[in-house]
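1. Got a sequence here, can you model it:
(one chain, ligands or ions: 1)
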Amino acid sequence: MTVNGQFPGVLRRPVPELEPYSAGFWAPAPARRINLQTCSACGAVQHPPLPVCAACGSGQLGFVDHSGDGTAYSFVVCERTFNAAFEAEGRYVLASIALDEVPDVRIFSNIVGCDPDSVRIGARVRVRHDPLDSPDGPLSVPVFEPAEDA
Ligand SMILES: [Zn+2]
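-> Purely as a prediction, here's the structure:
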């Protein structure tokens, strides 16, 4: 028996609950790109994914990959986790990322691959995709890492 796709006694990272309108965000994207929900009626890009376009109300939504280069708009360093599956990772950075191509869209994610104390607002970052197995198949978790040359 599983609970939310998890087997009792086995620590696994939580997996996103996929909805028809959000699954495209978690699908693997090309390197350094990120899948964002885009309205084919008005061209608006929105995140998080919604069943309809927040700008025009259209349901004609799809996913288009955009550059995963951006800046740390805001962040916090988390000193503890509330999920045992993440305990081995220690302190971590939860950040709001402003993407270069769509700066009005903010992505909440982690900044990884660096000392959490080195992160600064305005720091250049680039997306990286961490694979995650799920009951629905392989997913891709977009996280961000420092990018001095982005
Ligand atoms: Zn629209």
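2. what sits opposite residue 99 in the beta ladder?
-> residue 70 (DSSP bridges).
3. what's near enough to touch it?
-> 34, 66-70, 105, 107 (C-beta atoms under 8 Å, 6 or more residues apart in numbering). All C-beta spots, glycine's among them, are computed from the backbone N, C-alpha and C.
4. measure it to the ion for me?
-> 18 Å (C-beta to the ion, to the nearest Å).
5. Start the count at 58 instead of 1 going forward.
-> Let's use 58 as the start, then, which means that last one is residue 156.
6. Local confidence estimate at that residue?
-> What the model reports as pLDDT for residue 156 is 97.
7. same question, the one 4 residues further on
-> Predicted confidence (pLDDT) at residue 160: the value is 89.
8. Neighbours of the residue nearest to it when sequence neighbours are not counted, how many?
-> Nearest non-adjacent residue to residue 160, counting by C-beta to C-beta, 6 or more residues apart in numbering: residue 127, 7.8 Å away. By other C-beta atoms under 10 Å, the residues close to residue 127 number 28.
9. wait, residue 127 sits on residue 157?
-> Yes. Contact criterion C-beta atoms under 8 Å: residue 127 and residue 157 qualify, at 5.5 Å.
10. could you dump the contacts of residue 156 to JSON lines with distance to residue 82 and secondary structure?
-> JSON lines is the format used below for these (distance: C-beta to C-beta, whole Å; DSSP: H, G, I helix; E, B strand; the rest coil):
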{"residue": "91", "distance to residue 82": "8", "secondary structure": "strand"}
{"residue": "123", "distance to residue 82": "12", "secondary structure": "strand"}
{"residue": "124", "distance to residue 82": "16", "secondary structure": "strand"}
{"residue": "125", "distance to residue 82": "12", "secondary structure": "coil"}
{"residue": "126", "distance to residue 82": "18", "secondary structure": "strand"}
{"residue": "127", "distance to residue 82": "16", "secondary structure": "strand"}
{"residue": "162", "distance to residue 82": "12", "secondary structure": "coil"}
{"residue": "164", "distance to residue 82": "10", "secondary structure": "strand"}
